[in-house]
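A.B. asks: 3D model of this:
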Amino acid sequence: MGRLFGNDGIRGIAVKELTCELAMQVGRALGSLLRERTKGRPVVLVGKDTRLSSDVLEGALNAGICASGCDVRTLGVIPMPAVAYLTKSTTAMAGVMITASHNTMEFNGIMLFGADGAKLPAEDEAALESRILDHPELLRITAGTSVGRILPLPDGVELYLSHIVSLVPDRLDGLRLAVDCANGCTCTTAAALFTRLGAQVTLVNAAPDGYNINQDCGSTHIDRLMNYVAQGGFDAGLAFDGDGDRCLAVDETGELVDGDKLIAIVAKDYKDSGKLSRDAVVVTVMSNLGFTSFAKEAGIRRITANIGDRYVLEKMIDGGYNLGGEQSGHIFFLDDATTGDGQLSGARVLEIMHRTGKRLSELASIMRRFPQVMINVKIPEYMRENWKNDEEICRVIDQCEEQLGDAGRILVRESGGAPFIRVMIEGKDFDQINAIAMQISDKIRERIAEA
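C.D. replies: Below is the predicted model:
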């Protein structure tokens, strides 16, 4: 992880940590790098989510890009996957999305894409960091007729919608669908997309006011949609996050269909139709043990990546796999998109429903989810990484692993972005795994208190 860039670009508390000055510097750094690598005047596409701070950060970013001699084409409020698609399908040299994804409104972020529509490679992020933090003299400034222009790209949403529709061969006629837009970017696209595909669409949490993005709604707070679908007699529900790259679903009974189950549904359909590359799916170490059982029964290889969509994508590209994702709802169809796309994920699962005539609950039943317990233990900064060397903590973890045996698994890891140790236990017996999770967590707290 770099000094500015994390797994998903630059993020922080908007205006306070991710300042307007920093946004302008990012624009200048990106523009100067593009000017060095291409002839003519490069074009950068810029989209944003519905946060209060997105407008002011967009203004600062665009000023920096144009000051370096590049043109900006603004997309307005639009899903992050649309920025990736449009960057690849137009003459743009780069794309930028202003968003903090599933986080609440006080945060914001800057996510960068290359001309291929993929997230900017680590080496390019390092080059930008170097210019901003170490060599500001390389932040090129132009003047006169060389200053860039800011113009809208008015047909951006339509180009993206037409693309997604073209990827769904079967219509969704007759399906009654509830869609939770998380008061985020999919407010601008979801109704048009799923109506065009033939579904009867009811939107919820689709009235953004700058403050309510991801607030008790969307894929990170799906309980309300579960109740809404069950009580309203819908065939299914879809829940997106603030920038539209995640999707979770709700079946007709109001039960959650998480990312693992959505991946399982598509993987089986791909396997049965001969479309699953190398008969394998890439998931993370957080994927439920139930997915492992499903994959074994279905004759599908389960490839494991580290946590984070960047690592899933790297594993997929390196191994030549076309399907992968995370329990959180990031799902990647590399034959069709360079990033996770929540609306594409939802449309693909609904298309399988409609084509097979099966209810979502029946499709999801191919995977039985094992009980899972997660406990976050807060640690002081000085204990980062050091806890792994504590003999008492390691001894208790080893004892618990021996006790659990083949009936489950234990994953104890440090959070990448916050001072927490995450203790995750899975197994067939909830009481057993809950007791183990408490035992390990208590030991960590005890040893931290003594340190």
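A.B. asks: show me where the protein dips below the pLDDT cut-off.
C.D. replies: 1-2, 416-418, 450-451 (pLDDT under 70).
A.B. asks: now the helices for it?
C.D. replies: According to DSSP state H, the chain carries its helices in the segments 20-37, 54-67, 80-89, 122-129, 156-166, 190-196, 223-232, 259-273, 289-298, 309-319, 342-356, 360-364, 391-404, 430-450.
A.B. asks: residue contacts, residue 220?
C.D. replies: Applying CB atoms under 8 Å, 6 or more residues apart in numbering to residue 220 gives the contacts 102, 182, 214, 241. Any C-beta I mention is one placed from the backbone N, CA and C, and that applies to glycine too.
A.B. asks: do you know how far the last one is from residue 373?
C.D. replies: Right, the one you point to is residue 241. 24 Å (CB to CB, to the nearest Å).
A.B. asks: these two: who's more crowded?
C.D. replies: residue 241 (32 against 19; other CB atoms under 10 Å).
A.B. asks: so which of the helices of the chain is nearest residue 113?
C.D. replies: Closest to residue 113 of the helices of the chain, according to CB to CB: helix 80-89, at 4.9 Å.
A.B. asks: tell me the angle the closest one makes with helix 156-166.
C.D. replies: Angle of helix 80-89 versus helix 156-166, following axes from the mean of the first three to the mean of the last three CA atoms, to 10 degrees, is 90 degrees.
A.B. asks: go through helix 80-89 and flag the buried ones.
C.D. replies: Neighbour counts over helix 80-89 (16 or more other CB atoms under 10 Å) mark 80, 81, 82, 83, 84, 85, 86, 87, 88 as buried.
A.B. asks: next, format those residues as JSON lines and append distance to residue 125.
C.D. replies: Shown next, in JSON lines, are these (distance: CB to CB, whole Å):
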{"residue": "80", "distance to residue 125": "17"}
{"residue": "81", "distance to residue 125": "20"}
{"residue": "82", "distance to residue 125": "22"}
{"residue": "83", "distance to residue 125": "17"}
{"residue": "84", "distance to residue 125": "16"}
{"residue": "85", "distance to residue 125": "21"}
{"residue": "86", "distance to residue 125": "21"}
{"residue": "87", "distance to residue 125": "16"}
{"residue": "88", "distance to residue 125": "19"}
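A.B. asks: what's the closest of those to residue 60?
C.D. replies: Nearest to residue 60 among these: residue 83, at 17.9 Å, using CB to CB.
A.B. asks: right, and the closest one touches residue 45 too?
C.D. replies: Yes. The pair residue 83 / residue 45 is scored as a contact, 6.1 Å apart, by CB atoms under 8 Å.
A.B. asks: now the common contact residues for these two.
C.D. replies: Here residue 83 and residue 45 have 75, 95, 96 as joint contacts, going by CB under 8 Å, 6+ apart.
A.B. asks: report the contact partners of the closest residue to residue 125 other than its chain neighbours.
C.D. replies: Spatial nearest neighbour of residue 125, chain neighbours left out: residue 5 (4.3 Å); criterion: CB to CB, 6 or more residues apart in numbering. Shown here is residue 5, whose contacts under the criterion CB under 8 Å, 6+ apart are 122, 125, 128, 129.
A.B. asks: now residue 352
C.D. replies: Contacts for residue 352 (CB under 8 Å, 6+ apart) come out as 265, 266, 269, 358, 363.
A.B. asks: counting neighbours, what do you get for residue 255?
C.D. replies: Neighbour count of residue 255, defined by other CB under 10 Å: 15.
A.B. asks: and what of residue 143?
C.D. replies: Residue 143 is flanked by 8 other residues according to other CB under 10 Å.
A.B. asks: the residue most distant from the middle of this protein, which is it?
C.D. replies: residue 144 (40.5 Å; CA atoms, centre = their mean).
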